[in-house]
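S.K.: Test case, fold it:
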Amino acid sequence: MAMNPVIKAQLSEFRKANPSEVGSDSDLFEVMSIFAVENGLLTENIDPFRVHLKGTEFGIDGIAILVQGTLCTDADEAASILSVGKQHTGAFHFFQSKTSINIDYGDVSKFLDGVYDFFTDLNLLSGDQIIDLVEAKNIIFESATKYNPSLRCYYCTTGSSEAPDAIRKLIESNKARFEALNIFGEIIIECIGAKAIQEGFRAATNSTEATLNFPKAVTMPEHEKVDEAFIGFVSADQILGIAWAPADPDGVRHINRSVFYDNVRDFNPNSDINNSIINEISSGNYSSFVFKNNGITVVSKTISRKGDSFTIEDYQIVNGCQTTNILACVPDHAHEIFVPLRLIGSKDPDFVSSIIIGTNKQNKVRDDQFWALLPFMKDLEVYCSAQEGDARILVERRDNQYRDVAVERTRIMKPSDLMKVAAAMFFFQPHRAARDHRGIRQEFSDRIFMENHSVELYHVAALALYKFDYLIRTGKVDRSWAIYRYYVLFSLIREHWKTPDILDAHRKKQNIVHQEVLNTILDNEIFTKKIESVSKFFDNIIGLHGEKNREQKRDFIRSGTISGLFVSEYFLK
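M.R.: Modelled structure (predicted):
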């Protein structure tokens with residue numbers, strides 16, 4: 001039977017948005033279904049191509065390991081995220097996708113066997129990509145002292161999500177098998193059909209839109225950078241109405257993380273303060289909430305008003321994460337609770353940034369969030385997006401910035417990833433870039449993303465990371481060499497500049513280095529040879545020292561001594 005026509009049209013749209021990715025419709029559907037579930041139904045903001053397993057792994061098409069909502073594909077990425085903050089939330093998401101309309105018992109059984117194998121014996125799964133993910137898993141479990149990570153398994157088809165009785169029993173028996181491991185918090189196993197994939201894809205590619213009832217809204221004073229703004233109070237069910245994500249296939253609703261500026265995962269309903277507020281509401285004291293709460297600030301690109309009805313589009317809740325999550329814990333009482341609200345309509349990104357900073361000064365906001373608001377980052381975003389063809393990169397200064405834009409997901413660069421590349425290429429710290437997240441931040445925070453820095457150099461750094469990952473992902477470079485990523489990127493600059501001060505050099509000299517590096521990375525054949533050269537150097541050194549497994553190799557190359565050895569020997573060739 002032919003593929004569902006709506007899915008087929010969405011798959012065509014997805015292929016056009018990602019023209020650099022090759023493969024059959026079934027291969028691309030595997031990635032698109034991951035995208036629809038993760039970025040649409042679960043409202044995450046991740047690159048589905050990094051989740052996709054490129055080999056012929058037993059029964060599994062994709063594995064997403066998330067810490068605080070950030071995707072981890074190896075031990076270094078997991079350790080880097082875990083090094084900042086505490087009480088992290090972890091999640092493991094597994095995918096198997098079939099273009100057929102039927103849910104096959106054998107395929108589901110094989111899929112769940114593969115998932116179980118990932119957490120137990122590794123008799124069925126193998127390969128460098130699996131090894132990297134297993135090492136990330138191990139680090140997460142070593143850090144899971146506060147909460148057990150969750151497990152979600154999604155079997156996707158282009159037909160109905162209704163599973164026959166035999167498959168439902170298979171799912172329940174496997175859920176019991178996972179529960180018996182005693183390592184997970186929440187466990188969800190679902191069959192995802194065409195309708196959910198269609199809805200997820202739309203949600204992942206469309207801007208957010210909602211309507212709320214805002215009676216007695218008072219117009220705020222005029223401001224040259226504000227189209228219109230209102231202040232007042234609304235019932236809490238209106239706040240939840242703009243904060244809920246669409247219901248999942250089981251009809252369950254959860255908070256839409258994509259509409260929050262601050263980190264929604266930081267909310268802890270069991271904290272003494274939040275627990276006392278929830279208990280107070282649950283006991284029937286609804287009227288006090290509006291007097292004790294600081295309120296919520298919503299910024300929207302457009303506001304359309306008809307009487308007391310306000311329709312907002314492409315909006316973010318820039319302050320009020322804790323309040324919204326508390327209300328989500330008591331949804332049955334939301335219509336009896338009132339919340340202070342400021343609704344601001346503005347298309348000016350700089351003014352919106354100033355609102356974000358002003359309303360979050362009392363909260364601990366991640367460095368990379370504030371980096372995204374720096375004037376230099378705006379200039380870099382404009383420069384990178386203006387480049388043509390293979391040189392184009394999209395700097396994501398705000399989470400889900402490109403949600404409603406048809407762009408290649410793999411070309412989106414987050415400030416936190418750019419920081420790592422800058423540490424390796426500009427500050428000559430390839431041995432620290434992958435894992436020493438906190439140390440890099442502290443040491444170089446006042447030397448990175450400065451207003452007088454060269455946008456061309458940062459662009460070529462971002463492009464180099466994209467091209468390296470592209471060559472790995474498409475099989476043009478051996479995946480085992482991915483662990484040398486930051487040494488390869490470092491060598492691109494070090495080959496033409498001997499000291500870690502390129503960002504302070506004369507612009508004419510910077511331009512010469514920039515052009516040399518750009519010429520290398522835009523030529524796949526030349527860049528591939530460069531990667532091979534650096535990687536073989538390390539393979540030889542590691543072989544002489546008897547290092548064997550992948551984690552031992554990572555530990556070996558993170559040494560400052562090895563970094564010095566690389567500089568002293570490799571560049572003498």
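
S.K.: could you pull out the strands for the stretch 301-450 of the chain?
M.R.: 309-319, 338-345, 394-395, 412-413 (DSSP state E, counting those that start in this stretch).

S.K.: I'd like the ones you listed laid out as CSV, including distance to Cys72 and mean pLDDT.
M.R.: In short, each C-beta sits where N, CA and C put it, glycine included. Below are the strands of the stretch 301-450 of the chain laid out as CSV (distance: least, C-beta to C-beta, whole Å; pLDDT from 0 to 100):
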stretch, distance to Cys72, mean pLDDT
strand 309-319, 25, 91
strand 338-345, 35, 96
strand 394-395, 21, 92
strand 412-413, 17, 93
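
S.K.: Take those strands and write them to JSON lines, including mean neighbour count and distance to Met32.
M.R.: Compiled in JSON lines, the strands of the stretch 301-450 of the chain are given as follows (neighbours: other C-beta atoms under 10 Å; distance: least, C-beta to C-beta, whole Å):
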{"stretch": "strand 309-319", "mean neighbour count": "20", "distance to Met32": "23"}
{"stretch": "strand 338-345", "mean neighbour count": "21", "distance to Met32": "34"}
{"stretch": "strand 394-395", "mean neighbour count": "23", "distance to Met32": "19"}
{"stretch": "strand 412-413", "mean neighbour count": "22", "distance to Met32": "16"}
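
S.K.: With Gln87 as the reference, name the closest of these.
M.R.: strand 309-319 (21.5 Å; C-beta to C-beta).

S.K.: now the chain, which segments are flagged as low pLDDT?
M.R.: Per-residue confidence for the chain (pLDDT under 70) gives these ranges: 1-2, 144-145, 248-250, 262-266, 360-370, 404, 547, 573.

S.K.: ranges for the strands of it?
M.R.: Counting by DSSP state E, the chain has strands at residues 62-67, 70-72, 90-97, 150-156, 187-192, 209-213, 218-219, 228-235, 296-306, 309-319, 338-345, 394-395, 412-413.

S.K.: Can I get the strands of the stretch 301-450 of the chain in JSON lines including distance to Gly295?
M.R.: Conversion of the strands of the stretch 301-450 of the chain to JSON lines gives the following (distance: least, C-beta to C-beta, whole Å):
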{"stretch": "strand 309-319", "distance to Gly295": "8"}
{"stretch": "strand 338-345", "distance to Gly295": "3"}
{"stretch": "strand 394-395", "distance to Gly295": "32"}
{"stretch": "strand 412-413", "distance to Gly295": "32"}
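
S.K.: between those, which one is nearest to Ser559?
M.R.: Nearest of the strands of the stretch 301-450 of the chain (C-beta to C-beta): strand 412-413, 28.0 Å.

S.K.: Quickly run through the sheet partners of that closest one, with directions.
M.R.: When pairing is defined by DSSP bridges, strand 412-413 lines up against strand 394-395 (parallel).

S.K.: returning to what we had before: and of the strands of the stretch 301-450 of the chain, who's closest to Gly284?
M.R.: Nearest of those (C-beta to C-beta): strand 338-345, 15.0 Å.

S.K.: strand partners of that closest one, parallel vs antiparallel please.
M.R.: Strand pairing (DSSP bridges) places strand 338-345 next to strand 228-235 (antiparallel), strand 296-306 (parallel).

S.K.: who touches the last one?
M.R.: This means strand 296-306. Strand 296-306 has contacts (C-beta atoms under 8 Å, 6 or more residues apart in numbering) with 227-228, 239, 242, 310-320, 323-324, 339-347, 352, 355-356, 359.

S.K.: now the strands of the chain in JSON lines, with distance to Asp117?
M.R.: Formatted as JSON lines, those follow (distance: least, C-beta to C-beta, whole Å):
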{"stretch": "strand 62-67", "distance to Asp117": "12"}
{"stretch": "strand 70-72", "distance to Asp117": "20"}
{"stretch": "strand 90-97", "distance to Asp117": "11"}
{"stretch": "strand 150-156", "distance to Asp117": "13"}
{"stretch": "strand 187-192", "distance to Asp117": "15"}
{"stretch": "strand 209-213", "distance to Asp117": "42"}
{"stretch": "strand 218-219", "distance to Asp117": "60"}
{"stretch": "strand 228-235", "distance to Asp117": "49"}
{"stretch": "strand 296-306", "distance to Asp117": "45"}
{"stretch": "strand 309-319", "distance to Asp117": "41"}
{"stretch": "strand 338-345", "distance to Asp117": "48"}
{"stretch": "strand 394-395", "distance to Asp117": "37"}
{"stretch": "strand 412-413", "distance to Asp117": "32"}
